[in-house]
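Colleague: How does the following fold in three dimensions:
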Amino acid sequence: MNKLLWYLTLSASVWITYFGSISSFIGEVYPFQIFVVINFCMIILKKEIKVNKIIAITLLLFIFILIYGFTSLYWVDDQSVSVKKAAHYLIGILFLIQFTIIVNRYSKLRQSIHVFSVNFYLVMLISILEIISGNYHHATHFIQTNNVNSFGYHFPLVMFNNTNDLAVFLFLFFPIALYNLLDLKKFKKTTVFTVYLITTFIIYNTESRLGIFLIILYGVLFLLYSMLYHVKNRNLKLFFLLISTSSVAIFLIFESTFINNIFDAIKYDPRITLFNMALDSFSKTFTLGFGIGGLYNITSINIHNYILEIFFEFGLLVFALYFSWLVYIYTKLNKVKSVIYSENILVFYLKLNILLIPVWGGISSTMTSNPFIWIFYAIVVLSASILNDTGKKR
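Modeller: Below is the predicted model of the structure:
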């Protein structure tokens, strides 16, 4: 029963708003949040809390962020907005805590990735159906549900706030699905290639420029990594590296229009206006930040950049601690040495996604509405913890 409840929680974290909600004083309550609270209560009652150093440091950081966020309620202007956001942070951090405690072995990590991968493929399926038919079961974005993209297809949304969030979800967790495919005893390269093409097709139809760039980068790096991994001759490795680098350079030269569109999109993005609005007031609270939810009081809407959200709302100290933690986790992942190809691929992409956080974090909405970001954190920490423990029997 506990395993079933955990799998339901993991699946509900993907489909957070898809199956309806219950209204309450803290806003809408979804099945995911209910499952998280039940899971956490069961963990406390069983008193089975065993964590290693990597997990302990992670949990201490995010518990500190949570306490700091609730403390900041004293200096925010509009507590009604901040209380709701603090409740979302509470659920997200409780989810991170139980994820890292429940999934405490290699076998459980593989099982959880398998469950998540199944949900990833379901998101892909619904995205394809929406692109072709234009029938939306849950999406509410007025502009994107009532227009077609430049390819003549409908925008895929599934249950996300906008197409950028869907693009972030797809390229962030494509490596997880890739690991799941490669982990199978008998996997076919054509299957991997097909999944990549479908993922790319969906992201192209979101018209998220950075999303398109990143999924292309994924494909190039996967081919390069595969060649370098299986080739033992050093000179041949250098040859493949030269060919791949030249290919990327040629792409950048001949697709300069595409690259310019990305920079134009950044330059004229409405988020820049929101950033300037927040920056004008931020000098007064540079160290402490606006407080949890306080950024909304300045911009009146979500800034759609959760990196800036952490910086503005929690201040310089918390922001510095957060990035120090990212560096720490990256160094731990960098020490993972495995003889299993799928694990090396997983670690390679997790490290890449950490380095790209300023990019994908800069196009996603607030992390309070995207629980999949907490899943990413959990998988990164568990991979650094479990796969790095070479003495543990798998």
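
Colleague: Give me the distance between I357 and I363.
Modeller: Separation of I357 from I363 (Cβ to Cβ, to the nearest Å): 11 Å. Any C-beta I mention is one placed from the backbone N, CA and C, and that applies to glycine too.

Colleague: Excluding sequence neighbours, find me the nearest residue to Y349.
Modeller: P175 (3.3 Å; Cβ to Cβ, 6 or more residues apart in numbering).

Colleague: tally of neighbours for the one you found?
Modeller: Look at P175: counted by other Cβ atoms under 10 Å, it has 20 neighbours.

Colleague: show me what contacts it?
Modeller: Counting by Cβ atoms under 8 Å, 6 or more residues apart in numbering, P175 makes contact with 218, 345-346, 349-350, 353.

Colleague: if we can go back for a sec, comparing I357 and I363, which residue is more hemmed in?
Modeller: Set I357 next to I363 and count neighbours by other Cβ under 10 Å: I363 wins out with 24 against 17.

Colleague: mind checking which helix or strand the nearest residue to the more buried one once chain neighbours are set aside is in?
Modeller: Leaving aside its chain neighbours, I363 sits nearest to N164 (4.7 Å; criterion: Cβ to Cβ, 6+ apart). Secondary structure assignment for N164, by DSSP states H and E: helix 163-182.

Colleague: In the helix or strand following that helix, which residues are buried?
Modeller: Following helix 163-182 in sequence order, the next helix or strand is helix 189-206 (DSSP H and E). Neighbour-count burial for helix 189-206 flags 192, 195-196, 198-206 (criterion: 16 or more other Cβ atoms under 10 Å).

Colleague: Tell me what angle helix 189-206 forms with helix 163-182.
Modeller: Counting by axes from the mean of the first three to the mean of the last three Cα atoms, to 10 degrees, helix 189-206 lies at 180 degrees to helix 163-182.

Colleague: quick one: pLDDT of T58?
Modeller: Listed pLDDT for T58 reads 91.

Colleague: Look up how far G211 lies from it.
Modeller: 27 Å.

Colleague: more neighbours, those two?
Modeller: With neighbours defined as other Cβ under 10 Å, T58 and G211 compare such that G211 has more, 27 against 24.

Colleague: Excluding chain neighbours, give the residue nearest to the more buried one in space.
Modeller: The shortest distance from G211 to any residue other than its chain neighbours is 3.1 Å, reached at A167 (Cβ to Cβ, 6+ apart).

Colleague: correct me, but that neighbour touches N370?
Modeller: No: between A167 and N370 there is no contact under Cβ atoms under 8 Å: 12.0 Å.

Colleague: Compare those two and say which one has the larger neighbour count.
Modeller: Shown here are A167 and N370; by other Cβ under 10 Å, A167 has more neighbours (29 against 22).

Colleague: List the residues that contact that one.
Modeller: By Cβ under 8 Å, 6+ apart, the contact list for A167 reads 203, 206, 208, 210-212, 363.

Colleague: Which of those residues sits closest to N135?
Modeller: When these are ranked by distance to N135 (Cβ to Cβ), T206 comes first, at 17.2 Å.

Colleague: correct me, but the closest one touches P156?
Modeller: Yes: taking contacts as Cβ under 8 Å, T206 lies within contact range of P156: 6.3 Å.

Colleague: Spit out the residues that contact the two alike.
Modeller: 163, 166.

Colleague: Name the helix or strand for V51, please.
Modeller: Per DSSP H and E, V51 falls between elements, in no helix or strand.

Colleague: so which of the buried residues of helix 189-206 comes closest to I113?
Modeller: Lowest distance from I113 to those (Cβ to Cβ) belongs to V195, with 14.6 Å.

Colleague: measure the closest one to I379 for me?
Modeller: Applying Cβ to Cβ, the value for V195 to I379 is 18 Å.

Colleague: And V347, by the same measure?
Modeller: Applying Cβ to Cβ, the value for V347 to I379 is 11 Å.

Colleague: for V220, same thing?
Modeller: Using Cβ to Cβ, we find V220 at a distance of 23 Å from I379.

Colleague: out of those two, which sits in the busier spot?
Modeller: Shown here are V220 and I379; by other Cβ under 10 Å, I379 has more neighbours (24 against 14).

Colleague: immediately after the host helix or strand of L326, which helix or strand?
Modeller: L326 is part of helix 306-334, with elements assigned from DSSP H and E. Counting by DSSP H and E, the element after helix 306-334 in chain order, helix or strand, is helix 341-355.

Colleague: Helices along the stretch 1-150 of the chain, start to end?
Modeller: Under the criterion DSSP state H, counting those that start in this stretch, the stretch 1-150 of the chain contains helices at 2-14, 31-46, 53-71, 79-102, 106-133, 142-145.

Colleague: out of those helices, which comes closest to K332?
Modeller: That would be helix 53-71 among the helices of the stretch 1-150 of the chain, by Cβ to Cβ, at 5.8 Å.

Colleague: Please spell out which residues along the closest one are buried.
Modeller: Using 16+ other Cβ under 10 Å as the test for burial, helix 53-71 gives 54-55, 57-59, 61-62, 65-66, 68-70.
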